[in-house]
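Visitor: Output the structure for:
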Amino acid sequence: MNNFSTSIIEFLRSRQVDYRLLCHQTPAKTIEDAAKQRGVLPGQMVKSILLRDMGGLYALACVPGDQQVDPKKVRAFLQCRRMTCVDAESVQEVTGFALGTVAPIALKAPIPIIMDPQLQQQEWVNISSGSNMAGLELRFADLIQLCQPSFYAICR
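Guide: Coordinates of the predicted model:
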């Protein structure tokens, strides 16, 4: 897969960020499946969940792959009313990526990114490549520089 490329990979290349491409043998169906195919622990994965409030505000909530996002905690941080996960069509429309292939970089439009502080325990993290056929490993410090997230405890 030397010629494998996505907008996320191009984004990293254009900013000269080191990363490692971790190819899958089959399309990843779950975060656990992706972690297994990449040979990493689910907790090293960055799970990116798109949420929307009643007023149409979008936010990308990022937690370790073995955790779940608590929309109430995201809502409390953003000081808005009721946040819910969005449907697959909205994920594609807002982020530019299909459900299950979203990463907190190279998004279609700028949206607030909230990361759980538990992710800071990892020197290296895995994000989606923008495809269900590969992931990317990069330094957590580089990811933070690229996406400039807010940190708040948002896990259940």
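
Visitor: now the strands for the chain?
Guide: 20-23, 46-53, 58-64, 83-85, 113-115, 124-131, 134-139, 150-151 (DSSP state E).

Visitor: Any idea what the spatially closest residue to R38 that is not a sequence neighbour is bridged to?
Guide: With sequence-adjacent residues excluded and distances taken as Cβ to Cβ, 6 or more residues apart in numbering, R38 is closest to L22, at 4.1 Å. For the C-beta atoms, the positions are set from N, CA and C on the backbone; glycine is no exception. Counting by DSSP bridges, L22 forms beta bridges with G135.

Visitor: cool, and F151?
Guide: The residues that F151 bridges to, once DSSP bridges is applied, are M115.

Visitor: List the residues that contact it.
Guide: 114-117, 120 (Cβ atoms under 8 Å, 6 or more residues apart in numbering).

Visitor: Okay, it and S48: tell me how far apart.
Guide: Distance, F151 to S48, using Cβ to Cβ, to the nearest Å: 15 Å.

Visitor: With S131 instead?
Guide: Using Cβ to Cβ, S131 is found at 14 Å from S48.

Visitor: Looking at those two, which is more packed in?
Guide: S48 (26 against 21; other Cβ atoms under 10 Å).

Visitor: who's in contact with the closest residue to the more buried one other than its chain neighbours?
Guide: Among residues not flanking S48 along the chain, V102 sits closest, at 4.5 Å (Cβ to Cβ, 6+ apart). Residues in contact with V102 (Cβ under 8 Å, 6+ apart) are 48, 50, 60, 91, 95, 128.

Visitor: Got phi/psi on V102?
Guide: Torsion angles at V102 (phi, psi; degrees, to the nearest 10) stand at phi -80, psi 140.

Visitor: for the protein, what are the low-confidence residue spans?
Guide: The chain contains residues with pLDDT under 70 at 1-2.

Visitor: what's the nearest residue to A106 if we skip its chain neighbours?
Guide: The nearest residue in space to A106 (Cβ to Cβ, 6+ apart) is F11, at 3.9 Å.
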